[in-house]
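# pasting the sequence and the predicted coordinates here, then a few questions.
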Amino acid sequence: MSWQDGAVRRASRVVGLVVLFGVLVCSLSGCLRVHAALAVSPDDKVSGELIVATVRLNEQDNGPTLTIPPELNDQVKSEKYDQDDYVGQRVTFTDLRFVDLAQLVETISELKQYRLSLRRAGDLVTLAGSIDLTQVPVDRADVQIKIAFPGSVTRTNGDEDNGTVSWSPKPTSVTEFDAVAQYSSDDGNSWVRWALYVGGAALLAAVVATLLALIAHRRSLGADRAQARS
């Protein structure tokens, strides 16, 4: 199975997930909802959704206010989130570089209760991060994080399922995120095999066409000669 097939399958699991990531804790005194679903592509780009919300306190309460870096306005969009009496913002983004995602996570909240980084070294992509919920009461948090990688996950402290890793951080504690994914060399080899197959098929077709043309030409010459002799 090529990485394209795997990416489509993993993306189908990510699409529709409430995506809120490690950007955090805007209001530790109220009930907090932070859900995250991200997808990493083979070209080191990240797409997904971030939703940060708290329980509505009154009719005028719009939940946490998130700041989007101006230089990312073309790739990051924000809209109001209002569901299950939680209010806040839903942030969606497409094809962010690893450094852009780190900047978004750092800028989107004034508090520094979290950290997140994605790094590429050769065929390995490493995720490291944490979220601090030590000040959040046990019954005051709904935090979910899911990240889909384009290769096989070789190490993680989360729950892994066919390239997607998930965490459910608990209140009153600090949760560390750790995952390493390897871009399979077979993916590249399968592409090369495909290219060689297509190229070989085209070459074979050209050879066959040439032979057929030569045969037709010879038959035509033979017919002309026979007609001339008669």
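Everything's here; your move.

# which residues sit against the host helix or strand of E160?
Using DSSP states H and E, E160 sits in strand 159-161. By Cβ atoms under 8 Å, 6 or more residues apart in numbering, the list of residues contacting strand 159-161 from outside reads V153, V165, S166, W167, A179. Just so you know, the C-beta spots here come from the backbone N, C-alpha and C atoms, and that holds for glycine as well.

# likewise stretch 170-184?
3, 22, 40, 42, 116, 123-134, 136-141, 145, 147, 149-158, 160, 163, 165, 167, 169.

# 7 Å instead?
With contacts defined as Cβ atoms under 7 Å, 6 or more residues apart in numbering, stretch 170-184 is touched by 3, 42, 123-134, 136-138, 140-141, 147, 149-158, 165, 167, 169.

# hang on, the earlier thing: in TSV: the contacts of strand 159-161, plus pLDDT and distance to V46.
Output for the contacts of strand 159-161, formatted as TSV (pLDDT from 0 to 100; distance: Cβ to Cβ, whole Å):
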residue	pLDDT	distance to V46
V153	95	16
V165	96	14
S166	96	16
W167	95	16
A179	97	13
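
# ok, now how distant is A128 from S168?
From A128 across to S168, the span is 18 Å (Cβ to Cβ, to the nearest Å).

# ok, Y86 next?
17 Å.

# these two - which one has more neighbours?
Y86 (19 against 13; other Cβ atoms under 10 Å).

# show me what that one is bridged to.
V55, Q83 (DSSP bridges).

# from F98, how far off is it?
29 Å.

# in terms of helices and strands, where is R119?
strand 114-121.

# so what are the sheet partners of that strand and their directions?
Strand 114-121 is paired, per DSSP bridges, with strand 124-132 (antiparallel).

# list the contacts of the strand it pairs with.
22, 24, 40, 113-119, 143, 147, 149, 169, 174-182.

# what are the buried residues along that strand?
V125, L127, G129, I131, D132 (16 or more other Cβ atoms under 10 Å).

# report the next helix or strand after that strand in sequence order.
The first helix or strand that comes after strand 124-132 along the chain, using DSSP H and E, is strand 141-148.

# direction included, what does that next one pair against?
strand 32-40 (parallel), strand 164-167 (antiparallel).

# I'd like the average pLDDT over it.
Mean pLDDT, strand 141-148: 90.

# which is the succeeding secondary structure element to it?
strand 152-156.

# state the phi and psi torsions of E71.
Backbone torsions for E71, taken as degrees, to the nearest 10, come to phi -70, psi -10.

# distance check, it against L96.
E71 is 11 Å from L96, by Cβ to Cβ.

# settle it for me: which of these two has more neighbours?
L96 (21 against 10).

# so what's that one bridging to?
Beta-bridge partners, per DSSP bridges, of L96: V46.

# pLDDT score for it?
pLDDT, L96: 95.

# you'd agree R90 is up against Y81?
Yes: with contact defined as Cβ atoms under 7 Å, R90 reaches Y81; the gap is 4.4 Å.

# which neighbours do these two have in common?
Common neighbours of R90 and Y81 (Cβ under 7 Å, 6+ apart) are I51.
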